[in-house]
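Trainee: just to be clear, the model below is a prediction. Sequence and coordinates:
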Amino acid sequence: MRILRNARGSLVFIGALVCAVVISGTAFRATGQAGTGETVIQKAIEQFESSPLKTTALDKDIWMLSGDGGNVAAIVAEGSTLLIDSGVDSRVSELNAASFKATSRPVTRLVNTHCHFDHTGGNVYFGSEGVTIIAQENVKKQLSSEQNVPLIGLRDGRYPTQALPTVTYSNSMTVNQGGEKLTLVNYGPAHTDGDTIIYIAPANVAVVGDIFSNHFYPIIDVASGGSIDGMIHSLDQILAQTDQQTKIVPGHGPVATRSELQEYRDMLAQVRQRIKVLVASGKTIREAVAAAPTKDFDARWGSGYVPADVFVRMVFTSLIASRNTNR
Ligand SMILES: [Zn+2]
């Protein structure tokens, strides 16, 4: 097991996919992009620490900063910048400099789309600078305790007080930033139990966090309350709130159109249905992986850091968890 110490002093434990064995009770070795001895998270961290930080203008007052973890959006007002997500902690100074270069305004507010380290890593830095941190209420609970996502090999330590959200909401809230109105919404558990989708108007931008990975298989953090059914439910709500002109900022990957979001949602729904059939017929998780239910999608969606077999395991685990809950 490899252990990384974050700048904030907490630990990210990188275990082999042997963690998946604990969940499934079966011998398992990754056969996808995360090679032997390399977890999904390890592969992701390597990517987040080495990719160039790229700035993309989405509107006259909105930018996307990408490369250092999850996508970050910066919205400028007269004397301030509001950031959505804060990347990984090791690159927060670089992120802050890139934000200032684009907006010429200091960051005064930060919204977290959810609790994961690649979206909240910069919270310690910004929180220590007095930046107001806004999130769905469950993000505060998640960051206040240890996080453990066995299927992808992630354990993350408790965040210090200054990194925690100082403003929280339950279902929705509105934030004005310059000429833009930001509507923050939680549609219930999806990627985690504390996801925020941000609709920005009049710019017509939607920042949707890790509910959408463009274009690769997503992580479904069942351990943090996420579920495949919740992912699809949230995606249906986002599709209902957007149009063909909406610029959709995914948690990872390039800016997308509504059509691309629809294609992703339909892929998730089909994979869910196929795995639901396998669960109903009494297959084990290992047999479900062997059945390769994502086979025809893998060329399009399987090239990210979540290999097809890990994705199948997450969907299977989610369906079992919801079946047990509904009993
Ligand atoms: Zn995430």
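Mentor: It's in. Numbers count the residues shown, from 1 in each chain.

Trainee: the most centrally placed residue in the chain: what secondary structure?
Mentor: The centre of the chain sits closest to D210, judged by Cα atoms, centre = their mean, with a distance of 2.8 Å. Following DSSP: H, G, I helix; E, B strand; the rest coil, D210 is assigned to strand.

Trainee: which residues touch it?
Mentor: 70, 113-114, 116, 119, 191-192, 195, 218-219, 250-252 (Cβ atoms under 8 Å, 6 or more residues apart in numbering). C-beta coordinates here come from the backbone N, C-alpha and C atoms, glycine included.

Trainee: rerun at 6 Å
Mentor: Contacts for D210 (Cβ atoms under 6 Å, 6 or more residues apart in numbering) come out as H191, G251.

Trainee: same deal with Q136?
Mentor: Contacts of Q136 by Cβ under 6 Å, 6+ apart are N186, G194, T196.

Trainee: what subset of those is buried?
Mentor: N186, G194, T196 (16 or more other Cβ atoms under 10 Å).

Trainee: follow-up on the earlier one: just name the closest of the contacts of Q136 to V124, please.
Mentor: Nearest to V124 among those: G194, at 18.4 Å, using Cβ to Cβ.

Trainee: surely that closest one and K141 touch.
Mentor: No: G194 is beyond contact range of K141, at 7.6 Å (criterion: Cβ atoms under 6 Å).

Trainee: okay, the buried ones among the contacts of Q136 in JSON lines with pLDDT, secondary structure and distance to the ion next?
Mentor: Listed next are the buried ones among the contacts of Q136 as JSON lines, based on pLDDT from 0 to 100; DSSP: H, G, I helix; E, B strand; the rest coil; distance: Cβ to the ion, whole Å:
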{"residue": "N186", "pLDDT": "98", "secondary structure": "coil", "distance to the ion": "15"}
{"residue": "G194", "pLDDT": "98", "secondary structure": "coil", "distance to the ion": "10"}
{"residue": "T196", "pLDDT": "98", "secondary structure": "coil", "distance to the ion": "12"}
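
Trainee: check the closest residue to G179 other than its chain neighbours and give its pLDDT.
Mentor: Nearest residue to G179, sequence neighbours excluded (Cβ to Cβ, 6 or more residues apart in numbering): D61, at 6.7 Å. pLDDT, D61: 97.
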